[in-house]
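>>> Below are the sequence and a predicted model for it; my questions follow.
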Amino acid sequence: MPAWLRSPAMGGLLLLLLSPTASAAERVVDRLAAVVNDEVITLSDVYLRGRAFIENQCGEAGAPPDCRDQLEAEILDTLVLLELERQELARQGRDVGEREIDRAIEQTVQQYGFADRDALRDEVEKQGFGWEVYRQLQIVDPLRREAFAQLVLRTRVSITEDELRDQYQRLLRGLEPETRVRLSAFGYVIPDSGPGALVEAVGRVREAIVAIRAGQRTWEDAVAELDTAGLGPIFAGQSLALPDLRENLRKAVAATAEGALAEPIAADGVVYGLRVDAREQIQTDAVSFEQARPQLENEIFARKMSDAEEEWYALARRRASIQWFLDVPQPTLLDTGRERARPGAEVEEPASAEPATPPADEAGSTEEAAAAPAAPGEDEPADEAQAAPADGTPADDAPATSGDAEPGEDAPPAP
């Protein structure tokens, strides 16, 4: 799913990158972008939903010359998906109704503390958005996506115990071991704050460290003489995670080899002498399988819902009558072997697909299968009609698929 659109069906918040009403200089010179079973999508529809995304991506330094064309095509491809999903809901008599829309608006009003619906509308318009645009993109579309996910996609998803076990093993393999250290330490309290006291204290600790490194003095002897802060017993026997140490101590320990002594470190009136006795890798404690089960189910569910939508879309495109008036990959969500189609070019189906009908008279490429079901509300001869299954499969030969998304979310927030 493109970056500009995330939906409840895909396990996240529906994010339509609305931008305030364009100025006259920014308005799109409108034209056809696609026709999906007689339903028109215009270039202004593309920019209504994706203007901010296009401007942000293509306005950056180094953006490719065809950036705008590429993103227009990407957004149009998703708008075709949304239109096919809307048509499928309408075919099943399950499209979003006014009662559901009103209920979602009221939930938004309550969730964000507006006095009433008029206050929400005032806030929307104050930010430069049209109310009808907001209502469609932030209320109706998310409800429709959720309904499609539950009615059509959810029936295609099942999760087995073996899949959960496999996902749990991947989770365990992904746990990074934690580095812990065992240290010996002493702390020499700086006698006073007078000039030169710090330099003198650091020099005294360094002298002891140099003597220990040269074998002229033992660590125990230095601790007995210099540990005036009493740090020895505090560090003894402790296994410490590096993040648990203060930054200057952590840096010194990280730079010191196992069995070696760090350079003196002055902090808070004390000069530290440190010896790195051991480093060890500790496997991070993992939650049990049963504790992780909800997380595992959500991860698998989201992945399968996404897969199911891509598979459904690829088949629905092949069965629908679609004319493209922009340079759009055929298709982009799931590769079925077609090359990029340019306006006026005929789209060739892969060898496994049924032959496409000839393109329409208008400029544009046409995707149409001979056995395609009629668009919603369109009559077709009884002896040729094919009834699509109740689960939303575009045709009776559609393979069973697995895909998943998070269960539906609340209405999206006000801007």
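Done, it's in.
>>> Buried residues in the helix or strand Leu164 falls within, which are they?
According to DSSP states H and E, Leu164 maps onto helix 161-173. Across helix 161-173, burial judged by 16 or more other CB atoms under 10 Å covers Glu163, Leu164, Gln167, Tyr168, Leu171. Bear in mind the C-beta positions are built from the backbone N, C-alpha and C, glycine included.
>>> TSV for these, including distance to Ser321?
Shown next, in TSV, are these (distance: CB to CB, whole Å):
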residue	distance to Ser321
Glu163	37
Leu164	41
Gln167	40
Tyr168	46
Leu171	45
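>>> Among those, which pair sits farthest apart?
Farthest-apart pair in these is Glu163 and Leu171; separation 12.7 Å (CB to CB).
>>> longest helix anywhere in the protein?
Determined from DSSP state H, the single longest helix within the chain is helix 289-319.
>>> pLDDT (mean, whole number) over it?
The pLDDT scores in helix 289-319 average 94.
>>> list the helices and strands that helix packs on?
Applying 3 or more CB pairs under 8 Å, 6 or more residues apart in numbering; DSSP states H and E, we find helix 289-319 packed against helix 67-91, helix 161-173.
>>> quick one: buried residues of the helix or strand just after the helix holding Leu164?
Using DSSP H and E, the helix or strand that follows helix 161-173 in sequence is strand 178-189. Within strand 178-189, the residues that count as buried by 16+ other CB under 10 Å are Arg180, Val181, Arg182, Leu183, Ser184, Ala185, Phe186, Gly187, Tyr188.
>>> where does the second one land on pLDDT?
Spelled out, it's Val181. Confidence at Val181, expressed as pLDDT, is 91.
>>> What residue spans form the domains of this protein?
Using automatic domain parsing, the domain ranges for the chain come out as 1-174+293-415, 178-282.
>>> if you average pLDDT over each of these, which comes out lowest?
When those are compared by mean pLDDT, domain 1-174+293-415 comes last with a mean of 72.
>>> looking at the domains of the chain, which is buried most?
Of all those, domain 1-174+293-415 carries the top mean neighbour count, a mean of 17, counting by mean count of other CB atoms under 10 Å.
>>> before we move on, back to that, for the buried residues of strand 178-189, give me a markdown table that also has distance to Asp77.
Shown next, in a markdown table, are those (distance: CB to CB, whole Å):
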| residue | distance to Asp77 |
| --- | --- |
| Arg180 | 50 |
| Val181 | 53 |
| Arg182 | 58 |
| Leu183 | 58 |
| Ser184 | 64 |
| Ala185 | 62 |
| Phe186 | 67 |
| Gly187 | 65 |
| Tyr188 | 69 |
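>>> Closest one of those residues to Asp38?
The closest of these, once distances to Asp38 are taken by CB to CB, is Arg180, at 67.0 Å.
>>> Report the spatially closest residue to that closest one, excluding sequence-adjacent ones.
For Arg180, ignoring the flanking residues on the chain, the nearest one in space by CB to CB, 6 or more residues apart in numbering is Ser239 at 4.8 Å.
>>> now swap in Ala267 and tell me
Counting by CB to CB, 6+ apart, the nearest residue to Ala267 once its immediate chain neighbours are dropped is Asn248, at 5.8 Å.
>>> One more: Arg68?
Nearest to Arg68 is Cys58, by CB to CB, 6+ apart, at 5.0 Å.
>>> what's near enough to touch the one you found?
Contacts for Cys58 were tallied using CB atoms under 8 Å, 6 or more residues apart in numbering; they are Cys67, Arg68, Leu71.
>>> coming back round to it: return the angle between stretch directions for the helix holding Leu164 and helix 289-319.
Interaxial angle, helix 161-173 versus helix 289-319 (axes from the mean of the first three to the mean of the last three CA atoms, to 10 degrees): 110 degrees.
>>> how about the closest residue to Leu296 other than its chain neighbours, what does it touch?
Spatial nearest neighbour of Leu296, excluding adjacent residues (CB to CB, 6+ apart): Gln167 at 4.6 Å. With contact taken as CB under 8 Å, 6+ apart, Gln167 is in contact with Leu296, Glu299, Ile300.
>>> Dump those to CSV, plus distance to Arg103.
Listed next are the contacts of Gln167 as CSV, based on distance: CB to CB, whole Å:
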residue, distance to Arg103
Leu296, 33
Glu299, 30
Ile300, 31
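>>> Looking at the residues you listed, which is nearest Val124?
Among the contacts of Gln167, and counting by CB to CB, the member closest to Val124 is Glu299, at 35.0 Å.
>>> Quick check: closest non-adjacent residue to the closest one.
Spatial nearest neighbour of Glu299, chain neighbours left out: Gln167 (6.2 Å); criterion: CB to CB, 6+ apart.
>>> what's the distance between that neighbour and Glu123?
Separation of Gln167 from Glu123 (CB to CB, to the nearest Å): 42 Å.
>>> Give me the phi and psi for Ala61.
Dihedral angles of Ala61 (phi, psi; degrees, to the nearest 10) stand at phi -60, psi 140.
>>> same deal with Ala33?
phi -110, psi -40.
>>> tell me the contacts of Glu85?
Applying CB under 8 Å, 6+ apart, we find Glu85 in contact with Arg144, Arg145, Phe148, Val152.
>>> so how far is Ala90 from Leu48?
Distance, Leu48 to Ala90, using CB to CB: 21 Å.
>>> nope, Leu242 is what I meant
Counting by CB to CB, the separation of Leu242 from Ala90 is 59 Å.
>>> all helices for this structure, in order.
Ranges of helices within the chain are 43-58, 67-91, 98-111, 117-126, 131-134, 141-148, 161-173, 197-213, 219-226, 232-235, 247-254, 289-319, based on DSSP H.
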